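Q: just a sequence and a predicted model for now, questions to come.
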Amino acid sequence: MEVKVERQIRTGLNGDEAVAYAAYHADVDVIAAYPITPQTIIVERLSEFVHDGLLDAEFIPVESEHSALSAVVGAAASGVRTFTATASQGLALMYEILYIASSLRLPIVMALADRALSALINIHCSHDDAYAARDSGWIEFFAENVQEAYDLVIAAFRVAEDKNISFPAIVNLDGFILSHSIEPLYIYEGQDVVREFLPRREPIVKLDPDKPVTIGALALQNYYIELKRAQAEAFEATPPYIRKILREYSEFSGRKYDFIKKYMIDDADIGFLVLGSTAGTMRHVVRKWREKGRKVGLISLTLYRPFPVDDLRDAVKGLKKLVIMDRSYSFGSPYAQLYMDVAATLYDEPEKPDLINVIYGLGGRDFNEYTAEEMWEKINRPGVKKIWVGVRGD
Amino acid sequence: MLEVRWHGRGGQGVVTSSQLLALSAIKEGKYAIHIPEFGPERRGAPVRAYTRIDDKVIDIRSSVLNPDIVVVIDPGLVKYREMITDGLKKGGKVIYNIPDPSKAEVFEGFETYVVDAYHIALEVIKRPIYNTAMLGALIGVAKIVSLDTVYDALIERFGEKIGKLNIEAVKRGYEEVKKIG
């Protein structure tokens, strides 16, 4: 698709700056966030935009991430557009509020600069935090590059605030690999341009002193399960609406967005499934492997929650082997997180590829062409089901 | 695709040089990625940064393992010769900062360039921040971007006053870098 450059500016930004620009261009009303590496630059830039009078928003400096998400829950309930950002331990501290935000159907948008959870102390990329939010009822997107981080934050506001959806959304960007790397991207000239795609939020219900309502009431054995089933059905009904908005955004931006991205997968024997920035590295690797005659292809997920089951079932057709790459670990589970989603997605299919789980890149361990070659060697060993790559001493 | 690896110490502007190079290339319509390598964030600790530049979209997001050019900003790191040339492509270039160019030594098997960014920085900026003189030296050797683009990027980054000092440092690095082997 051709890039529509009118009313867009080509510039160079790191992923955090791009996210801050996206929230600014989306004209958010309330921001509450607590700085944590590698998300800090997002908070710094947004506080500058507000201070400099560029962004007319309430910036609430809070004392913790628990308070950050609590503050945007309150603000979102009053009907305004809200944004927060965090990483790793910060997401962990937000955990109980994650479920409150989604169960109250509040369309908060959060950027998550994916970072490993302690211990050991580490500031670099794992998907522990992204996976920690997977059951909480938030929509989750993954950006592959800085351009996608910018675009997906803008699209996420439309998705979250859509009356047929009305759920909070997370946009994941790999810590440091995207948050701190400068890349070229197109950004809009300003809020006026983005407003054509993203009009002001129109809340379904809101806290209003003149028309009092109760939000977040008590529901025990009498109603809780009915309300949870309603929430589950509402969340599971969102994909067609999310797809429609991503298509509209593709038209608007000139850059194509859908639930999944496929590369050389149609005639491949071995497919690789990946989240985040490793999609770029793996596309580079797949291109090189094709030149060597290896029949490989790549699938990457832009939408992670709700899990794009139909798209994935369709994309893996004809594959002999599917290698599912997890940048995290689920202790005590049979496999890591993404693998388990895929296994459940494909279980009822009459024909499906053999699945292999690869654990890679924890705590920012570089995943490069050499690691990819190590992975190739290991996945071709007979009977292999779960392997780690890029580990010293192997 | 051109890949550059920068070596220096925390506080010497290693990340800034890589950023300025990437931003200058982007200004010229190229595709470029600046990748910082953060370890413990403290002054004096050895740090690296990487820059990739190409005319087409760059997909790969890993560290640069086989650079075309290595730039050594901190003169004290030149003695770690294995670290400097680690993974450097055959026939690749090493550009390093040396306060006394008469003592310069060649990195065998690689094109070696030196510049006294140490004294350029002390004379022009009056502080031991060698990064912009080394950026000038890199552009003098590899002509990746035009000096005017870098000057614009410096003014945007540092403002008029500090920007102009750094422009002078870049210009001197560009003019004074010498091939020794």
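A: The structure has been received and is ready for your questions.
Q: pLDDT of stretch B:8-27, averaged?
A: Stretch B:8-27 carries an average pLDDT of 95.
Q: now that stretch: buried residues?
A: B:8-10, B:12-27 (16 or more other Cβ atoms under 10 Å in any protein chain shown). C-betas here are computed from N, CA, C, even on glycine.
Q: contacts with chain A among those, please.
A: Contacts with chain A are made by B:Gln19, B:Ala22, B:Leu23, B:Ile26, B:Lys27 out of the buried residues of stretch B:8-27, judged by Cβ under 8 Å from any Cβ of the partner chain.
Q: gap between the closest residue to A:Leu55 other than its chain neighbours and A:Ile42?
A: Spatial nearest neighbour of A:Leu55, excluding adjacent residues (Cβ to Cβ, 6 or more residues apart in numbering or on different chains): A:Phe49 at 4.0 Å. Applying Cβ to Cβ, to the nearest Å, the value for A:Phe49 to A:Ile42 is 11 Å.
Q: swap in A:Asp208?
A: Taking Cβ to Cβ, one finds A:Asp208 at 31 Å from A:Ile42.
Q: B:Asn166 now?
A: On the measure of Cβ to Cβ, B:Asn166 and A:Ile42 end up 27 Å apart.
Q: these two: who's more crowded?
A: A:Ile42 (33 against 28; other Cβ atoms under 10 Å in any protein chain shown).
Q: looking at the more buried one now. What's its pLDDT?
A: On pLDDT, A:Ile42 comes in at 98.
Q: so it, which state does it fall into?
A: Three-state call for A:Ile42 (DSSP: H, G, I helix; E, B strand; the rest coil): helix.
Q: ok, B:Glu156 next?
A: Quick answer, by three-state DSSP: B:Glu156 is helix.
Q: where does chain B dip in pLDDT?
A: Across chain B, the ranges flagged by pLDDT under 70 are B:39-41.
Q: near chain A, which residues of it?
A: Counting by Cβ under 8 Å from any Cβ, chain B comes close to chain A at B:19, B:22-23, B:26-27, B:29-36, B:38, B:58-63, B:65.
Q: mind doing that once more with 10 Å?
A: Proximity of chain B to chain A is confined to B:15, B:18-27, B:29-41, B:50-52, B:57-66, B:153 under the rule Cβ under 10 Å from any Cβ of the partner chain.
Q: which of those residues fall within helices?
A: Among the residues of chain B next to chain A, the ones falling in helices (DSSP state H) are B:Val15, B:Ser18, B:Gln19, B:Leu20, B:Leu21, B:Ala22, B:Leu23, B:Ser24, B:Ala25, B:Ile26, B:Lys27, B:Ala153.
Q: hmm, B:Leu154 and the fourth one touching each other?
A: Yes - in this structure, B:Leu20 sits in contact with B:Leu154. The criterion is Cβ atoms under 10 Å, and the distance is 6.8 Å.
Q: overlap in contacts of the two?
A: By Cβ atoms under 10 Å, 6 or more residues apart in numbering or on different chains, B:Leu20 and B:Leu154 have these common neighbours: B:Thr132, B:Leu135, B:Asn166, B:Val170.
Q: after the helix or strand A:Leu312 falls within, heading C-terminal, what element do we hit next?
A: A:Leu312 is part of helix A:309-315, with elements assigned from DSSP states H and E. Using DSSP H and E, the next helix or strand after helix A:309-315 towards the C-terminus is strand A:321-326.
Q: now do the strands in chain B.
A: Secondary structure of chain B (DSSP state E): strands at B:2-9, B:31-37, B:46-54, B:69-72, B:93-97, B:111-115, B:178-179.
Q: out of the ones you listed, which gets nearest to A:Asp56?
A: Minimum separation from A:Asp56 across the strands of chain B (Cβ to Cβ) falls at strand B:31-37, 31.8 Å.
Q: centre of the chain to the closest one, how far?
A: In this view, strand B:31-37 has its centroid 13 Å away from the chain centroid, taken as Cα atoms, centre = their mean, to the nearest Å.
Q: what packs against that strand?
A: With contacts taken as 3 or more Cβ pairs under 10 Å, 6 or more residues apart in numbering or on different chains; DSSP states H and E, strand B:31-37 sits against strand A:8-14, strand A:182-188, strand B:2-9, helix B:14-27, strand B:46-54.
Q: indicate each strand paired with the first one and its parallel or antiparallel sense.
A: For strand A:8-14, the pairing partners within the sheet under DSSP bridges are strand A:182-188 (antiparallel).
Q: same check on the third one?
A: Looking at strand B:2-9 with DSSP bridges, its partner strands are strand B:46-54 (antiparallel), strand B:69-72 (parallel).
Q: tabulate the ones you listed (CSV), appending mean neighbour count.
A: What follows is the strands paired with strand B:2-9, written out as CSV (neighbours: other Cβ atoms under 10 Å in any protein chain shown):
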stretch, mean neighbour count
strand B:46-54, 22
strand B:69-72, 26
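Q: can you lay out the ones you listed as a markdown table showing distance to B:Val115?
A: Formatted as a markdown table, those follow (distance: least, Cβ to Cβ, whole Å):
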| stretch | distance to B:Val115 |
| --- | --- |
| strand B:46-54 | 18 |
| strand B:69-72 | 10 |
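Q: nearest to chain B: which residue in the stretch 1-150 of chain A?
A: Nearest to chain B in the stretch 1-150 of chain A, going by Cβ to the nearest Cβ, is A:Gly12, at a distance of 3.9 Å.
Q: give me the neighbour count for that residue.
A: 22.
Q: spatially nearest residue to A:Val193 (excluding sequence neighbours)?
A: A:Arg7 (4.7 Å).
Q: give me the distance between that neighbour and A:Glu248.
A: With Cβ to Cβ as the criterion, A:Arg7 and A:Glu248 are 16 Å apart.
Q: ok, A:Tyr257 - contacts?
A: A:1, A:141, A:148, A:151-152, A:155, A:243, A:245-250, A:302-303.
Q: ok, residue 87 - contacts?
A: Picking chain A for this. The contact partners of A:Ala87, taken as Cβ under 10 Å, 6+ apart, are A:35-40, A:42, A:65, A:111-117, A:123, A:125, A:129-130, A:172-173, A:175, A:179.
Q: wrong chain, I was asking about chain B
A: Here B:Gly87 is in contact with B:Glu3, B:Arg5, B:Ser63, B:Val64, B:Leu65, B:Asn66, B:Pro67, B:Val70 (criterion: Cβ under 10 Å, 6+ apart).
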